[in-house]
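Asks: How does the following fold in three dimensions:
(one chain, ligands or ions: 1)
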Amino acid sequence: MATYVVGPAAEFPAGTHRVITAGRVEIGVFNVNGTFYAMPNVCTHQFGPLCEGTVDGTMTASAATGWRYEWTRDGEIVTCPWHGLEFDITTGRCLAAAKVRLRHYLVTVEDGLVTVTV
Ligand code: FES
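Replies: Numbers count the residues shown, from 1 in each chain. Next comes the predicted model:
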């Protein structure tokens, strides 16, 4: 395993994300409401640059809403820029296919510096 510096935590506020190169792989690092997550910058569909997509929420419907759609999970969903598959940043799961899940890498904040271990 190797550890890579992402940057100062002070320059990485909640709601932002960036893609870094860690050795031979690209990794998306996200700050979701103050918690950092990192996952491969590779979509499971056709290997598009998933983590370069927009971070937003998604539309969901459930019995609790009377099966009406409502906007949820704001700031927790990344959308692949190629064909629009959505992934939950906090779990790595694809919203359209619950069995599909991207791995997460360990993100650490120490002495004000964000690092990711691959
Ligand atoms: S490559 Fe990501 S949705 Fe197709």
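Asks: Next one: the spatially most central residue of the chain, what pLDDT does it get?
Replies: Centroid-nearest residue in the chain: I89, 3.5 Å away (criterion: C-alpha atoms, centre = their mean). I89 carries a pLDDT value of 98.
Asks: these two touch, right, it and I77?
Replies: Yes: in terms of C-beta atoms under 8 Å, I89 counts as a neighbour of I77; the distance is 6.8 Å. All C-beta atoms are positioned from the backbone trio N, CA, C, and that covers glycine.
Asks: Quick check: neighbours shared by these two?
Replies: Shared contacts of I89 and I77 (C-beta atoms under 8 Å, 6 or more residues apart in numbering): V55.
Asks: Can stretch 78-90 be said to contact the ligand?
Replies: Yes: judged by C-beta under 6 Å from any ligand atom, stretch 78-90 comes into contact with the ligand through 80, 82-85.
Asks: Pull up the distance across that stretch, start to finish.
Replies: One end of stretch 78-90 sits 10 Å from the other (C-alpha to C-alpha, to the nearest Å).
Asks: Other residues contacting that stretch?
Replies: 17, 28, 30, 32, 35, 37, 39, 43-46, 48-56, 58, 73, 76-77, 93-96, 102.
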